[in-house]
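*Asks:* pasting the sequence and the predicted coordinates here, then a few questions.
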There are 2 protein chains.
Amino acid sequence: MILIGERINGMFRDIREAIEKREPGPVAEWAKRQAQAGAHYLDISTGPAVAAEEQPAIVEWLVRTAQEAVGLPCCLDTVNPGAMEAGLRVHQGKAIINSTSADQERMDQFFPLAVRYGAAIIGLAMNERGVPKDAGDRLTLAMELVANADAHGIPMEDLFIDPLILPVNVAQEHAIEVLETIRQVKLLASPPPRTVVGLSNISQRARERSLINRTYLVMAMAAGLDAAILDVGDAALLDAIATANILLNREVYCDSFLKTFQKR
Amino acid sequence: MILIGERINGMFRDIREAIEKREPGPVAEWAKRQAQAGAHYLDISTGPAVAAEEQPAIVEWLVRTAQEAVGLPCCLDTVNPGAMEAGLRVHQGKAIINSTSADQERMDQFFPLAVRYGAAIIGLAMNERGVPKDAGDRLTLAMELVANADAHGIPMEDLFIDPLILPVNVAQEHAIEVLETIRQVKLLASPPPRTVVGLSNISQRARERSLINRTYLVMAMAAGLDAAILDVGDAALLDAIATANILLNREVYCDSFLKTFQKR
């Protein structure tokens, strides 16, 4: 499981304020804290408060600040192609572009960026008509993402399909459709694309967020999930991942499997 | 999810001692405690310490004692056909026979008992050659159980296939095979048989037993599991079940979904 730390995001107040003041402290702090907790990538998002014309400079600043604090690669989270390219230009190592949808226009913008900068890319199973209702329609869009990525020469291991989790408290029937999509995406190509979810979305505005998040992640891992954007500071979530790794035979069992996972 | 309380079992010292002294207190106490915690059935097992010739009388006594304490039906857990019949004879309501294997001799003994007493029955995916290594061989045995049950006129909803969980610390590769078996058993017949596991076996002699148990149960539920013999006194396990029910769209989400589950 690839763990992408969700915390450097302008939706959180401390990061929003750090962006406003161009104060590097909180960004560097969360970069370090998430690296220490086991993140493999840092998601980087300005959040919705930043005006479009300011976004390129801010994404660039966030990437520089985070990567000066720790050596981790970033998952650049913006719908703004200019901001995406500004971030990719200064990024050290192999980034993840987060994201393109299955709109032709977006795919034509973002897949070439992945090629130009040697980045991996997340493809959302949605298009201009929104998020599909069931697994079948999600898979149709995933297939369009696969075909377009392939046409650009992007290897399938660099394409992460995101079937799009919706909050369980308002769109409860989507949760099992996403699980089914994760399972079936693996049949779309050989080798197959990888899969990723933005985990915290499942519990937006729900109570018992950590319990819902970890229960759903375990199900998604059993369905074959490869990566997740999540709260690496949630110790119970990380214990669930370590335990799922053992039960799915991805790590060799030892009595101290929780500690072994933490050490990595 | 059908919850079968595991606690009235001679493997636990207090029950073993209660059996030795024919002291009803601990049996009645565990019957009540498990009913209160949400058990739908009470598993009843003498444990291995009781001699074969004593077993019929003891199973009969355990069933009477448990059912006098609470109105729940029992899951009669013995390989001894005489003890099984002694228990069924005094049992009130619809029992579950736990269990037959896929040995022809055993199926010829136990399926007629299910018919005679109108009981459901658990069929283990093993035979005289032991527990299969992979899902395919488990499914072959499940198919034999399905065919034999059907030949006796047992409806598929009364047949519970148990794919047999082994301890993850010594037979780690079996855990995913069991998940795959649970998924595919549903394709064996229409309507399909149901599935059950003896959950605690996954964590025998492991550390972090509760964490392993609940993580695995969530995966099994996502694969379609219908029932489990488990520790209904494990509050974290019951919270995981309640959460899985919500995420799998089996219960309607409400903010107090944990309390709603507890109340049932």
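*Replies:* Cool, got the structure. Owing to the predicted nature of the structure, the values given are computational and were not obtained by experimental measurement.

*Asks:* what residues does the stretch 51-200 of chain A put near chain B?
*Replies:* With Cβ under 8 Å from any Cβ of the partner chain as the criterion, the stretch 51-200 of chain A comes near chain B at residues A:168-169, A:172-173, A:175-176, A:179. (Glycine included, C-beta is placed from N, CA and C.)

*Asks:* among those residues, name the buried ones.
*Replies:* Buried members of these, scored by 16 or more other Cβ atoms under 10 Å in any protein chain shown, are A:168-169, A:172, A:175-176, A:179.

*Asks:* ends of stretch A:40-50, what's the gap?
*Replies:* Using Cα to Cα, to the nearest Å, the gap from the first to the last residue of stretch A:40-50 comes to 26 Å.

*Asks:* in that stretch, what's buried?
*Replies:* If you call a residue buried by 16+ other Cβ under 10 Å, then stretch A:40-50 has these buried ones: A:40-47, A:50.

*Asks:* tell me where the stretch 1-150 of chain A has strands.
*Replies:* Secondary structure of the stretch 1-150 of chain A, counting by DSSP state E, counting those that start in this stretch: strands at A:2-9, A:41-45, A:74-77, A:96-100, A:120-124.

*Asks:* if we can go back for a sec, mind checking which of the residues of the stretch 51-200 of chain A next to chain B are in helices?
*Replies:* Judged by DSSP state H, the subset of these located in helices is A:175-176, A:179.

*Asks:* in a markdown table, list those along with distance to A:L225.
*Replies:* Shown next, in a markdown table, are those (distance: Cβ to Cβ, whole Å):
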| residue | distance to A:L225 |
| --- | --- |
| A:A175 | 13 |
| A:I176 | 14 |
| A:L179 | 9 |
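
*Asks:* which among those gets closest to chain B?
*Replies:* Here the nearest of these to chain B, counting by Cβ to the nearest Cβ, is A:A175; it sits at 4.8 Å.

*Asks:* what residues are up against the closest one?
*Replies:* Counting by Cβ atoms under 8 Å, 6 or more residues apart in numbering or on different chains, A:A175 touches A:165-166, A:168, A:202, A:216, B:247-249.

*Asks:* at 7 Å instead, please
*Replies:* A:A175 makes contact with A:168, A:202, A:216, B:247, B:249 under the criterion Cβ atoms under 7 Å, 6 or more residues apart in numbering or on different chains.

*Asks:* tell me if I'm right that the first one and A:Q204 touch.
*Replies:* No - applying Cβ atoms under 7 Å, one finds A:V168 not in contact with A:Q204, separated by 8.6 Å.

*Asks:* among the residues of the stretch 51-200 of chain A next to chain B, which two are most distant?
*Replies:* Of all pairs drawn from these, the greatest distance, 17.5 Å, lies between A:N169 and A:L179 (Cβ to Cβ).

*Asks:* burial count for A:A151?
*Replies:* As a burial measure, A:A151 scores 10 neighbours (other Cβ atoms under 10 Å in any protein chain shown).

*Asks:* to clarify, my last question referred to A:E20.
*Replies:* Using other Cβ under 10 Å, A:E20 is surrounded by 12 other residues.

*Asks:* how about the contacts made by A:L225?
*Replies:* For A:L225, the contact set (Cβ under 7 Å, 6+ apart) comprises A:182, A:195, A:197.

*Asks:* closest to chain B out of those?
*Replies:* Chain B lies nearest to A:I182 out of the contacts of A:L225, by Cβ to the nearest Cβ, at 10.6 Å.
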